[in-house]
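Asker: pasting the structure only:
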């Protein structure tokens, strides 16, 4: 029995020092935003300024608000179609686009997640503008800002970092 308790003590002492795996940097209506998400978003920038970090954190918060408001996330098939469309517009095949994303410091799952967020935002803009999104980028940006301001007013947003 004494030998067994020694084994338990040895095992527990081997894991006594906690290791930080991730950290919550913000919360949107109780849904956490993790530091790892921020780091992935900033990965292409080798040394992100505090302002770039703040803007990236705000973009993650906005993405949470939009995803919650739109309700359903784009399917894998829709993400695949968007991936193929981006590749075609760039004059690349799938492998070429994957290589280009990697060259820019993006892992394929992160790039696909970015495409998913963009599709979700387009769906959200279409939904909130009654199917007629503004024609110019400036008008879309104005509509986006107005809609996000409304979402932010209704949400509980906490920033921890």
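Answerer: Received the coordinates, thanks. In this text the structure is predicted, and so the values were computed from the model without any measurement.

Asker: do a quick rundown of the helices in the protein.
Answerer: 2-14, 35-42, 50-70, 76-89, 94-103, 108-128, 137-154 (DSSP state H).

Asker: double-check residue 112 against residue 79; I have them as touching.
Answerer: Yes - using Cβ atoms under 8 Å, residue 112 is in contact with residue 79, at 5.5 Å. Where you see a C-beta, it was placed from the backbone N, CA and C, and this is true even at glycine.

Asker: helix or strand with the lowest mean pLDDT in this protein?
Answerer: helix 2-14 (a mean of 45; mean pLDDT, DSSP states H and E).

Asker: how much space separates the most centrally placed residue in the chain from residue 160?
Answerer: Nearest to the mean C-alpha position of the chain, by Cα atoms, centre = their mean, lies residue 60 at 5.4 Å. Using Cβ to Cβ, to the nearest Å, residue 60 is found at 13 Å from residue 160.

Asker: now do the shared contacts for the two.
Answerer: residue 26 (Cβ atoms under 8 Å, 6 or more residues apart in numbering).
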